[in-house]
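In: sequence-free structure coming up:
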């Protein structure tokens with residue numbers, strides 16, 4: 001009697017898409033939320049395979065991949081191109097699109113129209129905007145128009161000049177209280193989550209005691225519900241000085257330089273392409289081609 005075949009092992013269960021409800025559950029259970037900032041399709045595929053929970057297409061694309069000196073010049077159309085590319089590479093993480101400077105401040109109508117473009121044209125699950133005060137009003141309007149909003153307090157790069165440059169915020173009692181008020185205002189406006197950027201860890205801890213929504217930190221210590229880093233920073237693709245809060249987990253840029261230099265050396269040594277990199281033609285077809293060609297002209301002396 002033959003032995004019946006053994007059943008194949010079950011394939012790993014596919015991860016379910018991360019939702020706002022899932023993020024709230026993670027916060028309630030104390031499960032750290034992993035978020036990365038990415039700007040293109042290959043990076044999105046990496047984030048997907050690595051199993052992150054959220055991907056932000058940040059306006060930091062301006063100086064990370066588009067060559068601007070600050071985030072201010074990047075346009076909505078440029079951000080939409082990048083965000084669509086990331087969307088095509090994601091199945092599971094929640095996708096958040098950053099509303100660039102000048103695309104939401106003028107009025108509620110402008111803010112809603114921009115947010116709707118990110119959802120309809122780029123497939124975003126949510127949008128992000130910076131600051132409290134007027135931004136909280138815009139956040140409330142966008143939420144009422146049906147688009148989830150992530151807020152952003154502390155160091156807000158779009159208005160860094162007004163904050164005295166790219167430096168930590170909340171390092172005096174007055175400034176820390178202002179950051180707290182911004183966070184509470186955005187929470188009351190209906191934001192589903194916040195980013196705390198470049199805030200003293202002790203200040204972030206005090207604010208966290210008053211938060212009821214997930215908070216993602218970047219340079220805000222370990223008490224937040226999750227962390228975010230730019231993919232180019234954590235992989236070591238970015239050249240030059242890194243902000244204090246960033247950590248390199250790999251040296252991808254070094255590998256890229258070594259790879260391109262090895263390619264250049266092989267080309268110059270005529271070691272590439274080798275025969276295994278070329279396509280073949282049947283000998284008889286090559287002979288037919290030769291026979292069909294006109295005679296080569298005699299070389300002039």
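Out: Nice, thanks for sending it over. Not measured: the values here are computed from a predicted model. Numbering: from 1, shown residues only.
In: Run a quick neighbour tally on residue 249.
Out: 11 (other C-beta atoms under 10 Å). To be clear about C-beta, it is placed using only N, CA and C from the backbone, and glycine gets the same treatment.
In: my bad, should have said residue 285
Out: The local packing of residue 285 (other C-beta under 10 Å) involves 10 other residues.
In: got it, and residue 137?
Out: By other C-beta under 10 Å, neighbour count at residue 137 equals 15.
In: ok, it touching residue 108?
Out: Yes - the pair residue 137 / residue 108 is scored as a contact, 7.1 Å apart, by C-beta atoms under 8 Å.
In: List the residue ranges of the protein that fall below the pLDDT cut-off.
Out: By pLDDT under 70, the low-scoring segments of the chain are 1-13, 157, 159-166, 299-301.
In: can you give me the strands for the protein?
Out: Applying DSSP state E to the chain gives strands spanning 33-37, 54-57, 94-98, 126-128, 149-154, 193-197, 215-218, 226-230.
In: I'd like those strands laid out as CSV, including mean neighbour count and distance to residue 19.
Out: CSV is the format used below for the strands of the chain (neighbours: other C-beta atoms under 10 Å; distance: least, C-beta to C-beta, whole Å):
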stretch, mean neighbour count, distance to residue 19
strand 33-37, 24, 13
strand 54-57, 28, 11
strand 94-98, 28, 7
strand 126-128, 25, 10
strand 149-154, 28, 14
strand 193-197, 27, 12
strand 215-218, 25, 16
strand 226-230, 22, 15
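In: Which one of those strands lies nearest to residue 244?
Out: Nearest to residue 244 among those is strand 215-218; the distance by C-beta to C-beta comes to 10.6 Å.
In: Counting by contacts, list what the closest one packs against.
Out: strand 193-197, helix 201-208, strand 226-230 (3 or more C-beta pairs under 8 Å, 6 or more residues apart in numbering; DSSP states H and E).
In: 7 Å instead, please
Out: strand 193-197, strand 226-230 (3 or more C-beta pairs under 7 Å, 6 or more residues apart in numbering; DSSP states H and E).
In: who touches that strand?
Out: 33, 35, 193-197, 204, 208, 224-229, 245 (C-beta atoms under 7 Å, 6 or more residues apart in numbering).
In: Looking at the residues you listed, which is nearest residue 127?
Out: Checking the contacts of strand 215-218 against residue 127 by C-beta to C-beta gives residue 193 as the nearest, at 11.6 Å.
In: Any idea what the closest one is bridged to?
Out: residue 150 (DSSP bridges).
In: Contact partners for it?
Out: Neighbours of residue 193 in contact, by C-beta under 7 Å, 6+ apart: 23, 150, 213, 214, 215, 216.
In: Could you find the closest non-adjacent residue to the last one?
Out: Leaving aside its chain neighbours, residue 216 sits nearest to residue 226 (4.5 Å; criterion: C-beta to C-beta, 6 or more residues apart in numbering).
In: mind checking how far the one you found is from residue 286?
Out: Look at residue 226 and residue 286: by C-beta to C-beta, to the nearest Å, they are 62 Å apart.
In: Same question for residue 233.
Out: Distance from residue 233 to residue 286, by C-beta to C-beta: 53 Å.
In: more crowded one of the two?
Out: Remark: of residue 233 and residue 286, residue 233 carries more neighbours, 21 against 11, as counted by other C-beta under 10 Å.
In: ok, the more buried one to residue 196 distance?
Out: 17 Å.
In: Name the nearest residue to residue 253, sequence neighbours excluded.
Out: residue 237 (4.9 Å).
In: what separates the one you found from residue 71, distance-wise?
Out: 18 Å.
In: cool, and residue 110?
Out: From residue 110 to residue 71 the distance is 18 Å (C-beta to C-beta).
In: in terms of contact, does the residue nearest to residue 253 touch residue 252 like I think?
Out: Yes - contact criterion C-beta atoms under 7 Å: residue 237 and residue 252 qualify, at 5.0 Å.
In: Which of these two has more residues huddled nearby?
Out: Neighbour totals were compared for residue 237 and residue 252, and residue 237 leads with 20 against 16 (other C-beta under 10 Å).
In: Tell me how far that one lies from residue 96.
Out: Where residue 96 is concerned, residue 237 sits at a distance of 21 Å (C-beta to C-beta).
In: for residue 182, same thing?
Out: Residue 182 sits 19 Å away from residue 96, going by C-beta to C-beta.
In: Then residue 215?
Out: 14 Å.
In: tell me the contacts of the nearest residue to residue 178 once chain neighbours are set aside?
Out: In space, and not counting its chain neighbours, residue 178 is closest to residue 170: 7.6 Å by C-beta to C-beta, 6+ apart. Going by C-beta under 7 Å, 6+ apart, residue 170 touches 154, 176, 179, 199, 200, 203.
In: Would you mind giving the residues you listed as a markdown table with distance to residue 64 added?
Out: Putting the contacts of residue 170 into a markdown table (distance: C-beta to C-beta, whole Å) gives the following:
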| residue | distance to residue 64 |
| --- | --- |
| 154 | 19 |
| 176 | 29 |
| 179 | 25 |
| 199 | 22 |
| 200 | 25 |
| 203 | 27 |
